[in-house]
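> this one's structure only:
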């Protein structure tokens with residue numbers, strides 16, 4: 001309970017103090033509260049937090065939408081964070097590097113997922129906790145010490161001229177042929193292609 005109160009006081013003063021002042025405040029609070037006994041009812045513990053985990057998630061998603069992230073991206077962010085919230089009883093502003101390392105390790109074991117999937121989750125969590133830091137909800141992101149997970153690089157095979165001609169020959173209409181030629185000549189992603197509308201194309205004669 002003492003640590004919770006100390007962290008809450010530090011959160012409230014975070015935007016007003018620099019790192020040296022925060023360190024002095026932390027030492028002073030620990031020294032002064034060492035011999036103090038706290039009694040607090042369980043149902044009042046949550047009242048000391050300004051925002052719940054879900055409220056912080058909603059604020060983060062709103063900020064990403066304003067930045068122009070696609071709906072698919074924000075949904076992926078939200079599902080990652082909701083999953084974390086469902087598997088912990090710790091407030092996000094009080095999570096440590098060890099908490100998150102354990103979460104990622106357990107998640108990989110339970111779901112038997114690839115390193116690529118775990119690194120995607122790590123990246124989403126890193127973005128969220130960096131946002132908490134930037135918005136002064138926390139002093140320092142606990143994800144900063146959790147580095148990118150090394151994954152095997154998969155080199156995708158490119159289409160040979162012969163294979164490309166086979167694809168062209170299999171097209172039975174101009175639309176499909178245009179799609180094949182556009183993908184092959186520009187290197188754009190399929191997701192970018194499907195978002196193109198007729199009015200986006202300049203008709204040059």
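Yep, it's here. Since the model is a prediction, treat every value here as computed from it, not as a measurement.
> Please count neighbours and contacts with C-alpha atoms only from this point.
Noted.
> how close does the residue nearest the centre of the chain sit to residue 80?
Geometric centre of the chain, nearest residue: residue 124, 2.0 Å, by C-alpha atoms, centre = their mean. According to C-alpha to C-alpha, to the nearest Å, residue 124 stands 7 Å off from residue 80.
> just residue 29 next, same as before
Per C-alpha to C-alpha, residue 29 is found 35 Å from residue 80.
> Do a quick rundown of the helices in this structure.
2-13, 19-33, 53-67, 71-86, 97-111, 115-134, 161-170, 174-186, 190-194 (DSSP state H).
> Could you list the single helix or strand in this structure with the lowest mean pLDDT?
When each helix and strand of the chain is scored by mean pLDDT, DSSP states H and E, helix 2-13 comes last, with a mean of 76.
> That one: which residues count as buried?
Judged by neighbour count using 16 or more other C-alpha atoms under 10 Å, the buried positions of helix 2-13 are 5-8, 10-11.
> Stretch 69-82 too?
Applying 16+ other C-alpha under 10 Å to stretch 69-82 flags 74, 77-78, 80-81 as buried.
> isn't residue 96 right next to residue 140, touching?
No: the pair residue 96 / residue 140 is not scored as a contact, 9.8 Å apart, by C-alpha atoms under 8 Å.
> Adding distance to residue 155 as columns, could you present the buried residues of helix 2-13 in a markdown table?
A markdown table is the format used below for the buried residues of helix 2-13 (distance: C-alpha to C-alpha, whole Å):
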| residue | distance to residue 155 |
| --- | --- |
| 5 | 51 |
| 6 | 50 |
| 7 | 47 |
| 8 | 48 |
| 10 | 48 |
| 11 | 46 |
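> low-scoring stretches of this protein, by residue?
Low-confidence regions of the chain, defined by pLDDT under 70, span residues 1, 36-49, 152, 154, 203-205.
> how about a cut-off of 80?
Applying pLDDT under 80 to the chain flags residues 1-8, 10-20, 22, 33-50, 151-159, 191, 197-205.
> Go through the buried residues of helix 2-13 and name the one nearest residue 104.
Of all the buried residues of helix 2-13, residue 7 has the smallest distance to residue 104: 24.1 Å, by C-alpha to C-alpha.
> Contacts only, for that closest one.
Residue 7 is in contact with residue 94, counting by C-alpha atoms under 8 Å, 6 or more residues apart in numbering.
> and residue 9, what is it in contact with?
Per C-alpha under 8 Å, 6+ apart, neighbours of residue 9: none.
> and the gap between it and residue 20?
Distance from residue 9 to residue 20, by C-alpha to C-alpha: 16 Å.
> Kindly report the same for residue 170.
Per C-alpha to C-alpha, residue 170 is found 69 Å from residue 20.
> What of residue 196?
From residue 196 to residue 20 the distance is 52 Å (C-alpha to C-alpha).
> just residue 92 next, same as before
Using C-alpha to C-alpha, one gets 24 Å for the distance from residue 92 to residue 20.
> okay, those two: which has more neighbours?
Set residue 92 next to residue 20 and count neighbours by other C-alpha atoms under 10 Å: residue 92 wins out with 21 against 9.
> Skipping its backbone neighbours, what lies nearest that one in space?
In space, and not counting its chain neighbours, residue 92 is closest to residue 53: 6.1 Å by C-alpha to C-alpha, 6 or more residues apart in numbering.
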